[in-house]
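Visitor: Kindly generate the corresponding structure for this input.
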Amino acid sequence: SILMLGDSPELATVSETISLEARFKVKGDAEGVLLNKAGSYSLYWNSAGGLSCVFHTETGPLEAYQNAGFDDSHWHHVVCTFDGTGVNLFLDANLVAIALVESGSTTTVKSDTTARVTAGADAALSSASFFNGYLDEIRI
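Guide: You can find the predicted model right below:
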């Protein structure tokens with residue numbers, strides 16, 4: 001299933017800090033998008049079969065990722081945070097990846113006021129973006 005949250009003003013504004021959170025259970029090979037707002041952020045499966053979290057900032061994309069695969073039929077909890085200085089990716093309460101902006105710099109996430117927030121696929125609904133599994137307790 002795909003959840004489209006639309007492009008309401010509450011979802012269009014991104015502050016200097018933001019967290020993406022979800023519980024997921026993979027069904028077969030891990031692939032697709034967990035949570036996405038085109039041009040602002042995305043939590044998705046990368047080409048290596050691991051989780052990636054990218055925030056599109058005023059200074060360019062900032063991505064934290066881990067390449068461990070998932071096919072264990074268990075529920076997992078993922079949190080990705082952005083605080084202006086970097087991205088932290090947590091999996092099952094463990095910090096698994098960090099990406100930092102240049103030393104001494106801060107930046108903000110780009111805010112696209114027209115892009116829809118989606119869960120389970122990207123806004124274009126491309127078949128390659130469909131998440132193969134279950135999502136629960138999604139939070140932004």
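
Visitor: The protein: helices as residue ranges?
Guide: Secondary structure of the chain (DSSP state H): helices located at 9-12.

Visitor: how about low-confidence regions in it?
Guide: 1, 6-15, 28-30, 69-71, 104, 112-113 (pLDDT under 70).

Visitor: Next, name the residue at the spatial heart of it.
Guide: Centroid-nearest residue in the chain, with C-alpha atoms, centre = their mean: L43, separated by 1.8 Å.

Visitor: which ones are touching it?
Guide: 20, 22, 33-36, 51-53, 78, 80 (C-beta atoms under 8 Å, 6 or more residues apart in numbering). C-beta here means a position set from N, CA and C on the backbone, and glycine is covered the same way.

Visitor: Beta-bridge partners for it, please?
Guide: Legend: beta-bridge partners of L43 under DSSP bridges are L35, C53.

Visitor: And it, how far from D122?
Guide: 11 Å (C-beta to C-beta, to the nearest Å).

Visitor: With E58 instead?
Guide: Counting by C-beta to C-beta - E58 and D122 are separated by 22 Å.
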